[in-house]
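>>> Based on what follows, work out the 3D shape:
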Amino acid sequence: MTQDELKALVGQAALAHVVPGAIVGVGTGSTVNCFIDALATMKDRIRGAVSSSVKSTERLQALGIPVLDSNTVESIPVYIDGADEIDHQGFMIKGGGAALTREKIVADLADRFVCIADESKLVDVLGAFPLPVEVIPMAAAQVMRRFASVYGGQASVRAGVTTDNGNIIVDVRGLKISDPLAMEAEVNQWPGVVTVGIFGRHKAKVCLLGTSQGVRTLDF
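Numbering: from 1, shown residues only. This is a model prediction of the structure:
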């Protein structure tokens, strides 16, 4: 199966986790686009969606799925999103699409995070994928120096990218994230960091993994 076929497979499988009559949290990225397309087939059975990015909002609305302002929603039963990496405990690296802050906000509203990904995203230790960090521009150099001194990571500003919140993304290479919760808590305290792309406190409860044998379900 091609990667696109695997993404379509898990996007379809995620419909089983959507709660009828409820609001669903929708993430960002190519795998999520497959889920949004599948979600359109049951749009009359949900109240609407809370979206983590402008791109996802536009796709949802184009398919006739109402998008609600997150400030008007107290909680949602499930948030469905992809990951750049996920480990065997359900901890993830996210932010390859630069939507990590809004993704974490929607994940915080949700009772359950369902991750949809192809099998190439499953890793033993997070960090081979460069860790995205949303940073207020004036703090970029300071944050990059700190990654080098604290973790030995090589950080660089992602060229030509401005987040939906008007900030920049710093990508950090050369990390082995053996304690995702500790690193997330530490980096989030650094002045100028808006959000680090480690999803530790907001880890996945379920991962629907697209494999050549079909969809494999991992529970955490």
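
>>> hey, where'd the helices end up in this structure?
3-13, 30-39, 54-62, 100-109, 140-151, 180-187 (DSSP state H).

>>> Now render those as TSV, adding mean pLDDT.
Compiled in TSV, these are given as follows (pLDDT from 0 to 100):
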stretch	mean pLDDT
helix 3-13	91
helix 30-39	96
helix 54-62	97
helix 100-109	97
helix 140-151	98
helix 180-187	98
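
>>> which one of those lies closest to Val172?
Closest approach to Val172 among those (C-beta to C-beta): helix 140-151, 5.1 Å. For every residue, glycine as well, the C-beta is placed using N, CA and C.

>>> helices and strands around the closest one, which ones?
For helix 140-151, the contact count by 3 or more C-beta pairs under 8 Å, 6 or more residues apart in numbering; DSSP states H and E identifies strand 154-157, strand 168-173 as packing neighbours.

>>> before we move on, the earlier item: among the helices of the chain, which comes closest to Asn167?
helix 100-109 (8.0 Å).

>>> Which of the residues in that closest one are classified as buried?
Applying a neighbour-count criterion of 16 or more other C-beta atoms under 10 Å, one finds Leu100, Thr101, Arg102, Glu103, Lys104, Val106, Ala107, Leu109 buried in helix 100-109.

>>> just stretch 147-161 next, same as before
Quick answer for stretch 147-161 (16+ other C-beta under 10 Å): Phe147, Tyr151, Gly153, Ala155, Val157, Arg158.

>>> Check stretch 55-70 too.
Lys55, Ser56, Thr57, Arg59, Leu60, Ile65, Val67, Ser70.

>>> ok now that stretch, how far from the chain's centre?
17 Å (C-alpha atoms, centre = their mean, to the nearest Å).

>>> Quick check: Ile93 touching Val133?
No - using C-beta atoms under 8 Å as the test, Ile93 is too far from Val133 to be in contact (10.7 Å).

>>> For Thr41, see how far away the most centrally placed residue in the chain is.
The centroid of the chain falls nearest to Lys94 when counting by C-alpha atoms, centre = their mean (4.6 Å). Counting by C-beta to C-beta, to the nearest Å, the separation of Lys94 from Thr41 is 26 Å.
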